[in-house]
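Novice: Have a look at this fold, sequence not included:
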DNA sequence: TTGAAAGCGCTAACAG
DNA sequence: CTGTTAGCGCTTTCAA
């Protein structure tokens, strides 16, 4: 790998001059510039980013920490963040934390030791104390972590209410809810929205709420139990789409006809929902816009040291598909 | 952020000594070590990795470049690489290239400028010329890129033959193939395996092979066309599972009963195949083992400068599920 | 308009 | 056993 010195001696100038043309800073004679650029291309020189980072303390690198890379929601989110950060000349890296506080802190430490410029994080487990260890700008995505942290989320509670109202309008008489892990902020919000709509119904039972841990397998198992114990259930609001797919699978294995016997509505709007049969009706989040906005806020905070917490809450929309729509 | 100097002065020693305890190298008095460690913890000192990297030219970072993070195959692969690299004290980063040569080279450049220690790459588009730009150890995964590059792949041709033989054994009389993009090495191998088994059949038509570009949407569209033009088709071997899901969707939209009217078998063995109804029979790759092995080879090449190309080819297995098995 | 030199934080000789 | 010092490759004063 050639260094700036090699370029300098080939061009017959000092390293300072090379640095100037590299960064387009200060004065440099047009001809000299030419010579330097020639040297750069004949040597195929690339500035060493590590040295740059060491000097100015920044790395032009932004990281996204997600809890579960196998849930398609997060790759979709990652695409958005990647696109936006790339457009702004940052290197984007994606890290998977398993929602494990240790892995999370490990990544945060490692990234900071690499002078990462900023972090976008989807987390439920991180604590205020750990957050204080973070010296670089940080934005919470999808979940709210702390009141003094910028965040990008959606109107979870309203979305949940919308889902349940919709099931009612379809004629569902007994509506259950498969929720996420209880420590996740959006689990609580979506559950609240559900309860808003059903808690005063005469048919409501607290056993209509079961957890699926935001995982396919758990959701499938939980649904089978639920439907066996409560065959009267004719509608399920599921707190995310991956679990929604699990609910459909469980219902089909029990021989239920969707949506005739059971209506199912998810939450997220991942493309997987449209790939399966029957396709999954859902409350759609503007995933791409959310990722983009989080990246935008982060970059803004990186550039502007004045600390201003921004909280952005996106609207959600009902996306009607086969798991509810063809009911007759 | 405290530096090694701060630690040194707090502990009343030189930076060299601090460095020694940090790296556990050379002799250092037990008591001194204690003092240094105390200073480290009171300051909450973390060594600056950038400075380390600048000095020794390594970053303890390994990157995986994948063509499509939205295809669940790659997150599954990434999990494996992540786990293994992490166990070996590397920071793992995941980069999405879209199989776009420009994005690919952009990442490779950026990573090298960050002194990345090694790269695992899944690519179809990269050329020998670009490969020569890469100065760090590199391992090809899932696809073969060049004869002088280590690689981890599977027995694609044999797997494909196995798939087709299996369809025949089930009683399929007209078997089609949905293939991947033609520039991908495993597309060719899987196609060859298919042709091995069908090209001499009296029923075989070249129009039984159509491309699905390894994408859900393309595969779904291609399948509809295929089945409308060739209603006699009663079995399809699909070159990957994501397309397999698309084939099932297309067939169901056409009102075909699976597997009674049409048997479908995919290739990959991603967990998605088991989440849908009917679940997708497939030729299963040992995804986790492959990712692990690629990481292992890479780390070996990082540590051992002696250049030895390793080519590892894993066996595949038939995973029988509902898209073929309940045929009667 | 250009160059010399200091220093970003760390490690590894080399002395002592 | 410990300290001094020279860089790793780059950017940025400060002088010229």
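Specialist: That came through fine. Since the model is a prediction, treat every value here as computed from it, not as a measurement.
Novice: how much space between the closest residue to residue A:252 other than its chain neighbours and DNA strand C?
Specialist: Among residues not flanking residue A:252 along the chain, residue B:277 sits closest, at 4.7 Å (C-beta to C-beta, 6 or more residues apart in numbering or on different chains). In short, each C-beta sits where N, CA and C put it, glycine included. Here the criterion is C-beta to the nearest atom of the strand, to the nearest Å. By it, residue B:277 lies 55 Å from DNA strand C.
Novice: Ok, residue A:227 next?
Specialist: 58 Å.
Novice: and that residue, what does it touch?
Specialist: Taking C-beta atoms under 8 Å, 6 or more residues apart in numbering or on different chains as the criterion, residue A:227 is in contact with A:233, A:250-251, A:254, A:256, A:262.
Novice: gap between whichever residue of the stretch 1-150 of chain A sits closest to DNA strand D and residue B:111?
Specialist: Using C-beta to the nearest atom of the strand, residue A:4 is the residue of the stretch 1-150 of chain A that sits closest to DNA strand D, at 2.8 Å. Distance, residue A:4 to residue B:111, by C-beta to C-beta, to the nearest Å: 20 Å.
Novice: The two - which one has more neighbours?
Specialist: Of the pair residue A:4 and residue B:111, residue B:111 is the one with more neighbours under other C-beta atoms under 10 Å in any protein chain shown, namely 25 against 19.
Novice: helix/strand/coil for the more buried one?
Specialist: helix (DSSP: H, G, I helix; E, B strand; the rest coil).
Novice: isn't it right next to residue B:119, touching?
Specialist: Yes. The pair residue B:111 / residue B:119 is scored as a contact, 6.5 Å apart, by C-beta atoms under 8 Å.
Novice: Flag every residue of chain A that's near DNA strand C.
Specialist: A:12-17, A:20, A:26-29, A:31-33, A:51, A:54-55, A:57 (C-beta under 7 Å from any atom of the strand).
Novice: how does it look with 6 Å?
Specialist: Residues of chain A found near DNA strand C (C-beta under 6 Å from any atom of the strand) are A:13-17, A:26-29, A:32, A:54-55.
Novice: on that earlier part again, mind checking which of the contacts of residue A:227 are buried?
Specialist: For those, a burial check counting by 16 or more other C-beta atoms under 10 Å in any protein chain shown picks out A:233, A:250-251, A:256, A:262.
Novice: quick check: longest helix of chain A.
Specialist: In chain A, assigned by DSSP state H, the helix with the most residues is helix A:287-303.
Novice: Remind me what the very next helix or strand once past that one packs against, helices and strands.
Specialist: For helix A:287-303, the following helix or strand on the C-terminal side (DSSP states H and E) is strand A:311-314. Applying 3 or more C-beta pairs under 8 Å, 6 or more residues apart in numbering or on different chains; DSSP states H and E, we find strand A:311-314 packed against strand A:150-154, helix A:287-303.
Novice: so where's chain A uncertain?
Specialist: Within chain A, the segments meeting pLDDT under 70 span A:326-328.
Novice: domains for it, by residue range?
Specialist: A:4-56, A:61-154+A:287-314, A:156-285 (automatic domain parsing).
Novice: Please work out which residue of the stretch 101-250 of chain A is closest to chain B.
Specialist: Nearest to chain B, among the residues of the stretch 101-250 of chain A, is residue A:113, at 3.8 Å (C-beta to the nearest C-beta).
Novice: Could you find the closest non-adjacent residue to that residue?
Specialist: Per C-beta to C-beta, 6+ apart, closest to residue A:113 is residue B:49, 3.8 Å.
Novice: re earlier: and the helices and strands packed on strand A:311-314, which is most packed in?
Specialist: Most buried of those by mean neighbour count (mean count of other C-beta atoms under 10 Å in any protein chain shown) is strand A:150-154; its value is a mean of 23.
Novice: For the stretch 201-328 of chain A, which residues are neighbours of DNA strand D?
Specialist: Going by C-beta under 6 Å from any atom of the strand, none of the residues of the stretch 201-328 of chain A are near DNA strand D.
Novice: how about the helices in chain A?
Specialist: Ranges of helices within chain A are A:4-11, A:15-23, A:30-43, A:49-56, A:73-87, A:101-113, A:128-132, A:156-170, A:185-198, A:216-229, A:241-253, A:287-303, A:322-325, based on DSSP H.
Novice: Out of the domains of chain A, flag the one nearest residue B:273.
Specialist: Residue B:273 lies closest to domain A:156-285 among the domains of chain A, at 11.4 Å (C-beta to C-beta).
Novice: related to what we said a few turns ago, so what's in contact with residue B:111 and residue B:119 at the same time?
Specialist: Shared contacts of residue B:111 and residue B:119 (C-beta under 8 Å, 6+ apart): residue B:63.
Novice: Isn't residue A:149 up against residue A:137?
Specialist: No. Residue A:149 is beyond contact range of residue A:137, at 9.9 Å (criterion: C-beta under 8 Å).
Novice: okay, these two: which has more neighbours?
Specialist: Higher neighbour count among residue A:149 and residue A:137: residue A:137, with 23 against 19, using other C-beta under 10 Å.
Novice: Got phi/psi on residue A:117?
Specialist: The phi/psi pair for residue A:117 (degrees, to the nearest 10) reads phi -80, psi -30.
Novice: Make sure it is actually in contact with residue A:56.
Specialist: No. At 10.6 Å, residue A:117 does not count as touching residue A:56 under the criterion of C-beta under 8 Å.
Novice: More neighbours: which of these two?
Specialist: residue A:117 (23 against 10).
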